[in-house]
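Student: Here is my input; please provide its structure:
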Amino acid sequence: MSKFDVIVIGSGPGGYVAAIRASQLGMKTAVVEKAELGGVCLNWGCIPTKALLKSANVFEYIKHAADYGIQVNDAKPDFAAMVKRSREVAAGMSKGIQFLFKKNKIEHIAGFGKLKKSGSVVKVEVISADGKKTEYEAKHIILATGGRARELPALKIDGKKIIGYREAMTLPQQPKKLLVVGSGAIGTEFAYFYNAIGTEVTIVEFLPNLVPLEDVEVSKTLEKSFKKSGINVYTSSEVTAVDTKGKGCVSTVKTPSGEIKIESDIVLSAVGITANLEGIGLEETGVKTDKGKVVVDDYYRTNVQGVYAIGDIVKGQALAHVASAEGIICVEKIAGLNPEPLNYNNIPGCTYCSPEIASVGYTEEAAKKAGYQIKVGKFPFTASGKAKAAGAPDGFVKVIFDAKYGEWLGAHMIGANVTEMIAEVVAARKLETTGHEIIKSVHPHPTMSEAIMEATAAAYGEVIHL
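Tutor: Below you'll find the model as predicted:
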């Protein structure tokens, strides 16, 4: 029987990062993966969707080339080529993980991994594609099995007419009409992509606002932008049934003004994800779960000695960068280091539709509910020289500070390239930077990032360019 210091089940951004850090710290490490290395993120999520979105973004630039003094005729999207490029990008990233495993002397064990109790010892049983079962032993076993698309009773994914995010990336042909159910990051990104290349898109959101976890002002701005681009939006609405008997789909939607029928070629279910806990041996080994998540402490230890869990299967934001951070903390604790527990209130969230959305910390509403007296500053990109020159004046940066002590409570951005700007706020909050320190930090001109300084100055009554 092969023995390791650490075995990680799952090779997504939580699993492969944990494995590499374990190897760096001198531990003999293996990763069990039944599919492509890199998990959903690299193969079916973060990376390939960004490739598709870039194609849509380039096409939109071409459509508006005249705005920049350039004449382009007869441009049209090649949907199959966009999908092909996206898959090639994903495949290249997956091969990059293979290289990193080789470089860090990490063993890749192909197959489905599960916990198995052998007396008082927990081992890993791996079932290969041909059904062969092999047992492995490790002092530490990290579960990083990720998540999959959540299904609603009225939206049973069949992979053809009612699809999830995987199918949305590899459709054989571009739909003429698409209904997107759910307006989180997955829903809004696909809505933007398909609308940009000419599909008629409708979004149905159960809650009152698009991207409902974001600041309300951000949500309203996105809705206005989407409607302007031709996307039909129904909020406070619910899909109660989908008839797929005909050539396409006829969805029954309950809206505040009554029940309506929406016809589409395809319905995309984007109502969140659910953790992959089935069949991985939790019951057999006694690992505790609660509300569909594995119960862990601040260092991702379960109640079973030597078993840990990270990523989408534990409580916290289901984001790739969260899983990676959790994996590093988990492994460093195993190695005897003293890592700081993750602050889940300082996790950036990014949505890569157009305009982009980025945020961290408290929304204005949440800060008030938490009892803070706040200072709020806002700077619109219409007042940004770089944004105007780039032809991207839509959106704003909004910052929230505690009026009493100056703590930076949150930041919310919508506009071009804001996903590249949010890290400044994350780092500043981590370092307990005050608003006045941001105001006095010289930002380069002209840049979009100046809006962070200007919004902060606005919060303290010192804004120059408004």
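
Student: contacts and neighbour counts: CA atoms only from here.
Tutor: Will do.

Student: looking at it, Gly10 is touching Ala144, isn't it?
Tutor: Yes: counting by CA atoms under 8 Å, Ala144 is a contact partner of Gly10 at 4.9 Å.

Student: Give me the more crowded residue out of the two.
Tutor: A count of neighbours by other CA atoms under 10 Å puts Ala144 above the other of Gly10 and Ala144, at 30 against 27.

Student: That one against Ile313, yeah?
Tutor: Yes: in terms of CA under 8 Å, Ala144 counts as a neighbour of Ile313; the distance is 7.2 Å.

Student: Around the closest residue to Ala149 other than its chain neighbours, how many other residues sit close by?
Tutor: Excluding its sequence neighbours, the residue lying closest to Ala149 (CA to CA, 6 or more residues apart in numbering) is Ile273, at 4.4 Å. Using other CA under 10 Å, Ile273 is surrounded by 14 other residues.

Student: Looking at Met1 now. What's its pLDDT?
Tutor: In this model, Met1 is scored at 60, pLDDT.

Student: Lowest mean pLDDT among the helices and strands of this structure, which one is it?
Tutor: Every helix and strand in the chain was compared by mean pLDDT, DSSP states H and E; the lowest is helix 39-44, with a mean of 89.

Student: how far does it sit from the chain's center?
Tutor: Between the centre of helix 39-44 and the centre of its chain there are 11 Å (CA atoms, centre = their mean, to the nearest Å).

Student: Name the residues of stretch 79-99 that are buried.
Tutor: Residues of stretch 79-99 classed as buried by neighbour count (16 or more other CA atoms under 10 Å): 79, 82-83, 85-87, 89-91, 93-94, 97-98.

Student: Let me see the mean pLDDT of that stretch.
Tutor: Stretch 79-99 carries an average pLDDT of 95.

Student: what's in contact with that stretch?
Tutor: With CA atoms under 8 Å, 6 or more residues apart in numbering as the contact definition, stretch 79-99 has outside contacts at 16, 36-38, 42-44, 47-49, 51-52, 55, 169-170, 172-174.

Student: Next: stretch 301-312.
Tutor: Against stretch 301-312 from outside (CA under 8 Å, 6+ apart): 14, 122, 139-147, 274-275, 285-288, 294-296, 300, 318-320, 322-324, 326-327, 330.

Student: residue closest to the middle of this structure?
Tutor: Leu319 (4.8 Å; CA atoms, centre = their mean).

Student: What are the phi and psi values at that residue?
Tutor: Torsion angles at Leu319 (phi, psi; degrees, to the nearest 10) stand at phi -130, psi 150.

Student: can you pull the contacts of it?
Tutor: With CA under 8 Å, 6+ apart, Leu319 has these contacts: Gly311, Asp312.

Student: list the buried ones in stretch 381-400?
Tutor: Buried positions in stretch 381-400, judged by neighbour count with 16+ other CA under 10 Å: 381, 383-387, 392-400.

Student: Now it - C-alpha only, CSV.
Tutor: Extracted C-alpha coordinates of stretch 381-400, given in CSV (Å, rounded to 0.1, in the frame of the first residue of the first chain):
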residue,chain,number,x,y,z
PHE,A,381,-16.4,57.0,-13.9
THR,A,382,-18.0,59.8,-15.9
ALA,A,383,-15.6,62.1,-14.0
SER,A,384,-12.6,59.8,-14.6
GLY,A,385,-10.3,61.0,-17.5
LYS,A,386,-9.0,57.5,-18.1
ALA,A,387,-12.5,56.0,-18.2
LYS,A,388,-13.7,58.7,-20.6
ALA,A,389,-10.7,58.3,-22.9
ALA,A,390,-11.3,54.5,-22.9
GLY,A,391,-14.9,54.9,-23.8
ALA,A,392,-16.0,53.3,-20.6
PRO,A,393,-17.7,56.1,-18.5
ASP,A,394,-20.4,53.8,-17.0
GLY,A,395,-20.2,52.9,-13.3
PHE,A,396,-18.7,54.1,-10.1
VAL,A,397,-16.6,53.3,-7.1
LYS,A,398,-18.3,53.4,-3.7
VAL,A,399,-16.4,53.2,-0.4
ILE,A,400,-17.7,52.9,3.2
